[in-house]
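Colleague: Quick one: sequence and predicted model below, then my questions.
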There are 2 protein chains.
Amino acid sequence: MQQFMNSRESLVTEAIDGLLRTAGGKLARLDGYPHIKVVVRSDWDRSKVALVSGGGSGHEPSHAGFVGQGMLTAAVCGDVFASPSVDAVLAGILAVTGKAGCLLIVKNYTGDRLNFGLAAERARAFGLKVSMVIVDDDIALPDLPQARGVAGTLFVHKIAGAMAEGGADLDAVTAAAQAVIKGAISIGMSLDTCTVPGSPKEDRIGPGKAELGLGIHGEAGIEQVDFTGAKSAMAKVAGRLLPHTGAGDHVALLNNLGGTTPLEMSVLAEELARSPLGERVKWMIGPAPLMTSLDMHGFSVSLLAVDQAQVAHLAAPVAVHAWPGLAAFGAVAVRPLPDGLAPIQPVASSHPARRALIERCCKALIACEADLNLLDAKSGDGDTGSTLAGAARALHAALDRLPLADPTQLYRAIGSELSQTMGGSSGVLLAIFFAAAGDASASGKTWIGALGAGLDRVMQVGGAAPGHRTMIDALAPALAALPQGVALAAKAARDGANATAHMTRAKAGRASYLAADKLAGHNDPGAEGVARLLEDLARG
Amino acid sequence: MQQFMNSRESLVTEAIDGLLRTAGGKLARLDGYPHIKVVVRSDWDRSKVALVSGGGSGHEPSHAGFVGQGMLTAAVCGDVFASPSVDAVLAGILAVTGKAGCLLIVKNYTGDRLNFGLAAERARAFGLKVSMVIVDDDIALPDLPQARGVAGTLFVHKIAGAMAEGGADLDAVTAAAQAVIKGAISIGMSLDTCTVPGSPKEDRIGPGKAELGLGIHGEAGIEQVDFTGAKSAMAKVAGRLLPHTGAGDHVALLNNLGGTTPLEMSVLAEELARSPLGERVKWMIGPAPLMTSLDMHGFSVSLLAVDQAQVAHLAAPVAVHAWPGLAAFGAVAVRPLPDGLAPIQPVASSHPARRALIERCCKALIACEADLNLLDAKSGDGDTGSTLAGAARALHAALDRLPLADPTQLYRAIGSELSQTMGGSSGVLLAIFFAAAGDASASGKTWIGALGAGLDRVMQVGGAAPGHRTMIDALAPALAALPQGVALAAKAARDGANATAHMTRAKAGRASYLAADKLAGHNDPGAEGVARLLEDLARG
């Protein structure tokens, strides 16, 4: 058993109980386990026409998931893919039917027809008004007069549900349901079979194939077709449906058969819009799992040509979460990109002292390229020196473009330069460092205070802190000491860098994935780079 | 490629467009395909704090599915399992942020932290107020200070969303988000890996095993554990979460990682209620797909100890279908079975003429048992004769119990007897026939008219009609002729039965699955039985 269940026997009863626990008190079940599995509205007063549906389980959220105000009054659940018994259906009818009567909505399978049909007879013997409609929306098997009932059943639930909720009488609700059944068409496609709990999985659909016109109980499709992607898949489905469509605007119901990801379902919605059906479909229900077949990796499309009243009924609000609502099926709304995505190009300006400082920093980093690479090779891929030196060369080359006279703009420009020239995380982190420093400078911080603000932001964004064996172990104490002069800052950076040699468990960055013995005795190359830089500056 | 997509490159953009088409006009996207994939509320006026989230795709409905009133203002979507770029995040921020500012809700992955972090810096350089929070709810990796952000992120989206919608300022929304992040804990379990589009599926989890503490990008779990069913699975998950829970009432978020069926998710909800966590959990979000990992066959449980304000924010209405709402997590409501499930036992009464008629019918059917079996062997399993004879014997044995003096009750009692003694479809169909005849008799039909009503109901429920090669081909013309006397009825039945020999394509019942050459020249055994019965009666 590789499914989240306890036993095949308890699967459906435990699932119903789980559903009831999370239904917020709106649902109850009858006390008939294990044979009678009936979910009823707990807020039902029998004053209106009751709607009872059901059938085998394995089609969730159908049918228990659609019990609630505005849709079903009760769902009679069989075991997986097995019709419920006459007694179970009768219990459901008796539990919810008042003077206004009851409509049974039954999918066209022999077991369901017979069990619901006999239950209806027995209920009528009690003097109850019971109608029954048989949904047969599947168009996959054109020669069989007994078309199956599949996801188009949801049209019936919703429209009949809205009418019953609105107070229509049993004859009117039944007639409306019959009209929907006459118009509803569906067909499904799948890339794989479903996994029936407790049974081995059938391996029927080969690679590169899809099954078209399958049922919802794992029964084989009408044919296997080549599968070459979502576009051609939807084109095949649309091609089968089109000859059955009538005039007028249609509602489409795009049903996830269970195992299709939301990404795929959305792609299929897009392909439905692009298909020849697209122009006919004015409203959409889904994509959503509505009438599933356990974990089947497939979908179905149901169509209904609708009048205004039917659209209103489909759009009427319901207290049923599994119902995805009716949405206009429209064009993709596209808005222009906002201004400001291109980095601001500051006006270059001159400031000889700052230019000299930056040049010196760049040269210092370039000078220790080989040493830092060697150090990085002990614990990483040996490129820390080259990364920092590359950034230094790029910054040096950009000196003529920088707004050297304006500290705020200068910090931001350095960040922008580095983010464009350095790859990977380091570039982004240094860009964040200098951008945050620029912000702090703009709000009045000193140049040292601004660098401290940059460090804070890097620690927040990058998630590293002192002690994590990163360049922060040198940078943080250096910035803290910098107001006392560059010599003390250099000393603090050196102490911080050397301390990283004893941090044998890196807690951030790539080294966090390395074993302790690979790290012991070696300084972190980033921290070492910071120390070398400040020691160079301290030499005056 | 065995997924409903067209190409890996177009997967996310086509999926977003599909989502927008079915969003009923409430969503738009920025014109930045393919690199900038940003979904925004189309009903947004920038008057309140904007909430921007996002990250790699493959977690649907996160994040684009949670854009809407009361939750996110924009979602920035990367490619599958890949962080969006700085430019994409910046575009999202700029598109929705007004004077009230913007909160970035980021899951704790390096790529997301850095790209969202740098985008925030660039947005701040435009003078925008931007806060950022990092969600780190995963408890799977206890030693790593950089806990991942997983489904607990939804707590943040919802609570921050409700506060922003309510007009709270950026500092208040940010502080509330931080408080949620501090309290939220999550862990996941899966029975299989996910299928990354365009990549071969990793076969990492063996039969009988489950992975505990996995991430949402296909990364391996912290350990593989034995899987023995839903109960022990939830017990393991609960055992990991319990030490991290604080005092007070908790909200649980039960997340489908993608490929778990609703049946399984409901069983897991039930097991959560039965677990040691059950008493702590007062409210539930889900079960639902909220933060998925493509088609991963797994689930996660997130917990948050909540105060009254947080409960109110979690329960606040949203215009976002993918949000399943907050429900009280309670006991299973059970109602007693309705009266009337046991068949009504009528009072026996006597009517010599009717008793004689029934006896004669029974004997006639018993007499042709062998002939009908032989006929059925041509096209079926050779038991039609035994089935009808068995029913006749049972009915004959019940004669003393039948309410022979009351036609209405007699019909119903015959139906009830037959449904209890005959197996399969035939028993149910005959039970429906006689039950409907009883109803018709009760409403004043003659005894022949009542039988006609029974036939109508059987045709409706069973879906067979004259010409379908069933017993109806004899029964329908016989009942039509019966008012003219039993001799004519017998003739009509005989003609009808003989006509079935030329119906080489059965349209209902089991024979519909047989080839024409197996049927040609043989009467349908059910129709033949009807003819024999009436011929016997006609002999006087």
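Modeller: Nice, I can see it.
Colleague: Next one: the residue nearest the centre of chain A from chain B, what distance?
Modeller: Using C-alpha atoms, centre = their mean, the residue of chain A that lies closest to the mean C-alpha position is A:Pro262, 6.2 Å off. As judged by C-beta to the nearest C-beta, to the nearest Å, A:Pro262 and chain B stand 4 Å apart. Just so you know, the C-beta spots here come from the backbone N, C-alpha and C atoms, and that holds for glycine as well.
Colleague: What confidence value was assigned to that residue?
Modeller: Per-residue confidence (pLDDT) for A:Pro262: 97.
Colleague: now A:Gly32
Modeller: Residue-level pLDDT assigned to A:Gly32 equals 93.
Colleague: can you check A:Tyr513 too?
Modeller: 48.
Colleague: Let me see the contact set for the residue nearest to the centre of chain A.
Modeller: Each residue near A:Pro262 by C-beta atoms under 8 Å, 6 or more residues apart in numbering or on different chains is listed here: A:287, B:15, B:60-61, B:65, B:289, B:292.
Colleague: Need the residues you listed in CSV (columns: neighbour count and pLDDT).
Modeller: Shown next, in CSV, are the contacts of A:Pro262 (neighbours: other C-beta atoms under 10 Å in any protein chain shown; pLDDT from 0 to 100):
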residue, neighbour count, pLDDT
A:Pro287, 26, 97
B:Ala15, 28, 98
B:Glu60, 27, 97
B:Pro61, 22, 97
B:Gly65, 24, 97
B:Pro289, 26, 97
B:Thr292, 27, 97
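Colleague: How much space separates A:Lys129 from B:Ala437?
Modeller: Distance, A:Lys129 to B:Ala437, using C-beta to C-beta, to the nearest Å: 18 Å.
Colleague: Of the two, which one has the most company?
Modeller: Shown here are A:Lys129 and B:Ala437; by other C-beta atoms under 10 Å in any protein chain shown, B:Ala437 has more neighbours (30 against 19).
Colleague: In three-state terms, label the closest residue to that one other than its chain neighbours for me.
Modeller: Spatially, and ignoring its direct neighbours in sequence, B:Ala437 is nearest to B:Gly454 (3.6 Å; C-beta to C-beta, 6 or more residues apart in numbering or on different chains). The three-state label given to B:Gly454 by DSSP: H, G, I helix; E, B strand; the rest coil is helix.
Colleague: Same list (the contacts of A:Pro262) but as a markdown table, adding distance to A:Val86.
Modeller: Below are the contacts of A:Pro262 laid out as a markdown table (distance: C-beta to C-beta, whole Å):
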| residue | distance to A:Val86 |
| --- | --- |
| A:Pro287 | 36 |
| B:Ala15 | 45 |
| B:Glu60 | 42 |
| B:Pro61 | 40 |
| B:Gly65 | 42 |
| B:Pro289 | 36 |
| B:Thr292 | 40 |
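Colleague: tell me which of these is nearest to A:Leu399?
Modeller: B:Ala15 (45.8 Å; C-beta to C-beta).
Colleague: and the closest residue to that closest one other than its chain neighbours, backbone torsions?
Modeller: Closest residue to B:Ala15 apart from its sequence neighbours, by C-beta to C-beta, 6+ apart: A:Ser266 at 3.8 Å. With angles defined as degrees, to the nearest 10, A:Ser266 sits at phi -70, psi -40.
Colleague: how close does the closest residue in space to A:Gly526 that isn't next to it in sequence get to chain B?
Modeller: Nearest non-adjacent residue to A:Gly526, counting by C-beta to C-beta, 6+ apart: A:Met471, 3.1 Å away. According to C-beta to the nearest C-beta, A:Met471 and chain B sit 15 Å apart.
Colleague: which residues touch A:Pro142?
Modeller: Contacts of A:Pro142 by C-beta under 8 Å, 6+ apart: none found.
Colleague: try A:Ala123
Modeller: Applying C-beta under 8 Å, 6+ apart, the residues near A:Ala123 are A:90, A:93-94, A:97, A:102, A:130.
Colleague: Just give me how far stretch A:82-102 sits from the chain centre.
Modeller: Relative to the chain's own centre, stretch A:82-102 is displaced by 38 Å; criterion: C-alpha atoms, centre = their mean, to the nearest Å.
Colleague: Put the alpha carbons of it into CSV.
Modeller: What follows is stretch A:82-102 as a C-alpha-only set of coordinates in CSV (Å, rounded to 0.1, in the frame of the first residue of the first chain):
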residue,chain,number,x,y,z
ALA,A,82,-19.0,0.9,-6.5
SER,A,83,-22.6,2.0,-6.4
PRO,A,84,-24.2,2.6,-3.0
SER,A,85,-26.9,0.1,-2.0
VAL,A,86,-30.6,0.7,-2.2
ASP,A,87,-30.8,1.0,1.5
ALA,A,88,-28.1,3.7,1.5
VAL,A,89,-29.8,5.7,-1.2
LEU,A,90,-33.2,5.3,0.6
ALA,A,91,-31.6,6.5,3.9
GLY,A,92,-30.3,9.6,2.1
ILE,A,93,-33.7,10.3,0.6
LEU,A,94,-35.6,9.8,3.8
ALA,A,95,-33.1,11.9,5.7
VAL,A,96,-33.6,15.1,3.7
THR,A,97,-37.0,14.9,1.8
GLY,A,98,-39.9,17.0,3.0
LYS,A,99,-43.1,18.0,1.4
ALA,A,100,-41.4,19.7,-1.5
GLY,A,101,-39.9,16.4,-2.6
CYS,A,102,-36.6,15.2,-3.8
